[in-house]
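Show me how the following folds:
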Amino acid sequence: LLIWLNDPMIADNSYIIMSLIVFGTMLNGLPSVPGNCSIGFGWPMLVTYVNLSQLAVIIPVLFWLVSLYKGVGAALTWVLLNSAYISVLTHIFFKHYLTTERIKWYVHDISVPALSAFLVVSVSRFIVPAFDDSLSMFVWIALTGIVAFSITALTLPHVRKIITKQLYHIKIKNNEKNNS
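From the prediction side, this is the model:
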């Protein structure tokens, strides 16, 4: 935020709101696979019913949290809304469809990659040097993002399989070149 706006006062006063919005947006993407699968399986009303029930709850919560915490309350509402989507929509989906995939989805597809990204970013935050200019800060953040993305990708078995296959093909091509 500081790099984008170049205003330390705004960054100091709004980083919590931005962090909550970014976290809520990350949570928003997680139930999209079960939600879209339910539509694909012929149950589009699951998403509709969950949205309607969320609407009835989230509007009063939004007014309440905004009255208590202002902008942080609004951003916190976004996190709560998307947390509820994960809790409610995915629970109902896996109760009716792909019942044997529930644990795999929660652990291998969600928890392990999220934890690996969190650990990389936490270590980066812990060891971050002091920066005198925005460019250095941007480079540090970009490198942290690249490392977090790479490590997270490596936690996914299908990504490791693709990488292994590609490395195997490269090795075969190199062996063919050396033998000719």
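
What ranges does the chain have for its strands?
For the chain, no strands are identified by DSSP state E.

Now do the closest residue in space to Val57 that isn't next to it in sequence against Thr90, distance only.
Of all residues not flanking Val57 in the chain, Ala84 sits nearest, at 7.6 Å (Cβ to Cβ, 6 or more residues apart in numbering). The C-beta positions use only the backbone N, C-alpha and C, and glycine is treated the same way. Between Ala84 and Thr90 the distance, using Cβ to Cβ, to the nearest Å, works out to 11 Å.

So these two - more neighbours on which side?
Under the neighbour definition other Cβ atoms under 10 Å, Ala84 and Thr90 were set side by side, and Thr90 has more, 21 against 18.

Which pLDDT value goes with the more buried one?
Thr90 is assigned 93 on the pLDDT scale.

Isn't it up against Asn36?
No. Shown here, Thr90 and Asn36 do not form a contact pair, counting by Cβ atoms under 8 Å, at 11.9 Å.

Pull the contacting residues for the residue nearest to Val57.
Neighbour list for Ala84: Gln54, Val57, Ile58 [criterion: Cβ atoms under 8 Å, 6 or more residues apart in numbering].

The second one: neighbour count?
Val57 has 12 neighbours, counted by other Cβ under 10 Å.

if I look at it, how far off is Asp133?
Taking Cβ to Cβ, one finds Val57 at 46 Å from Asp133.

just the first one next, same as before
Using Cβ to Cβ, one obtains 44 Å as the distance from Gln54 to Asp133.

what about those two, which has more around it?
Gln54 (18 against 9).

Quick one, grab the pLDDT at that one.
We have a pLDDT of 92 for Gln54.

now Leu1
Each residue has a pLDDT score; the one for Leu1 is 74.

ok, now the one 5 residues further on?
Per-residue pLDDT puts Asn6 at 80.

got it, and Val121?
At Val121, the predicted lDDT confidence score is 95.
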